Every structure is written in C-alpha cells, then in structure tokens.
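>>> A predicted structure for the sequence below; I have some questions about it.
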Amino acid sequence: MGGTAYWTKQIRRADERSPKAGATRRIDRLRGLLNDAEPAVADRVWKEVVDILQRTTDSHSTRGSAYWTDEIKRADKRSPKEGATKRLDRLRGVLQRVDPVVANRAWRDVSDTLQQITVRHTR
C-alpha cells in the first residue's frame, strides 16, 4: 500500500492543472501498480485501458491515419501496455485539434474511467 498518499497528492495536483494532466498521472499510477501484478491480470487491465482510449479517440477523430494505425498495430503485437501507450499518444494528438471544452470533457471521462480501473485493482 506504500505510496498511496504520494499518488493521491500527485493526482490531485495534476487534476488542478488540467484534466489531461490528471489522466496522464492516473496512467502513470496504473503502470506502477501493474508492474507488481500477475502478467495475465496486467494484460487484462491494459486491454481495458486500450478500450477506453480507443473509444475516446474514435469519438473525436474525423479520419484515420495510416501512420497511427500501423504504429498501434505494432505496439499491440508487443504488448497491451505498449498499445495503451500508443493510443494515449494518439488521443493527445486528436484532442489538440478539437474545441478545448470538448477536449477537457473527453480527458475527464478518460480520467474517471482510469480512476475506476485503478481503484478496482488496488483492493
């Protein structure tokens, strides 16, 4: 359970800066938690993260990019964690091009879902 107060403070501070910073911090926290988890459990959790990131990207992206499609496919072959990281990078790029209010709402949704996943796997 060590580091819980640290992460709580880090996430709170990041949320105060921006929803994007909060979501990024939650991904960092999840990475740390899943380093100690069983590989099968970690893969399942990363697949959940991949799903939320992909759905959010799809709902805000007007068209696909061959570069990102290839990058994400290659990353998925390596591991679900790598796929989630690439999808986070893609989401950052997609949300830079939309209205800031819409982007902040999307980052809050991602952040809330990541928090639920984190809470579920810290018990």
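Here it is on my side, so go on. Residues are numbered from 1 along each chain as shown.

>>> Leu88 is in contact with Ile72, correct?
No. Under the criterion of C-beta atoms under 8 Å, Ile72 makes no contact with Leu88, lying 10.7 Å away. For the C-beta atoms, the positions are set from N, CA and C on the backbone; glycine is no exception.

>>> those two: which is more packed in?
When Ile72 and Leu88 are compared on other C-beta atoms under 10 Å, the one with more neighbours turns out to be Ile72, at 23 against 18.

>>> which element, helix or strand, includes the more buried one?
Using DSSP states H and E, the secondary-structure element containing Ile72 is helix 66-78.

>>> do Val45 as well
Using DSSP H and E, the element containing Val45 is helix 39-60.

>>> these two touch, right, Val50 and Pro80?
Yes. Applying C-beta under 8 Å, one finds Val50 in contact with Pro80, separated by 5.9 Å.

>>> who has more neighbours, these two?
Remark: of Val50 and Pro80, Val50 carries more neighbours, 22 against 19, as counted by other C-beta under 10 Å.

>>> what's that one in contact with, if anything?
Taking C-beta atoms under 8 Å, 6 or more residues apart in numbering, we find Val50 in contact with Asp76, Pro80, Gly83, Ala84, Arg87.

>>> mind checking pLDDT for the last one?
In other words, Arg87. At Arg87 the predicted local confidence, pLDDT, stands at 94.

>>> Arg123: neighbour count?
Applying other C-beta under 10 Å, we find 4 other residues in the vicinity of Arg123.

>>> how about Glu71?
Per other C-beta under 10 Å, the neighbour tally for Glu71 reads 17.

>>> could you do Asn104 as well?
Asn104: 15 surrounding residues under other C-beta under 10 Å.

>>> please report phi then psi for it.
Its backbone dihedrals place Asn104 at phi -60, psi -40, with angles given as degrees, to the nearest 10.

>>> how near is it to Arg17?
With distances defined as C-beta to C-beta, to the nearest Å, the gap from Asn104 to Arg17 amounts to 12 Å.

>>> great, nothing more from me.
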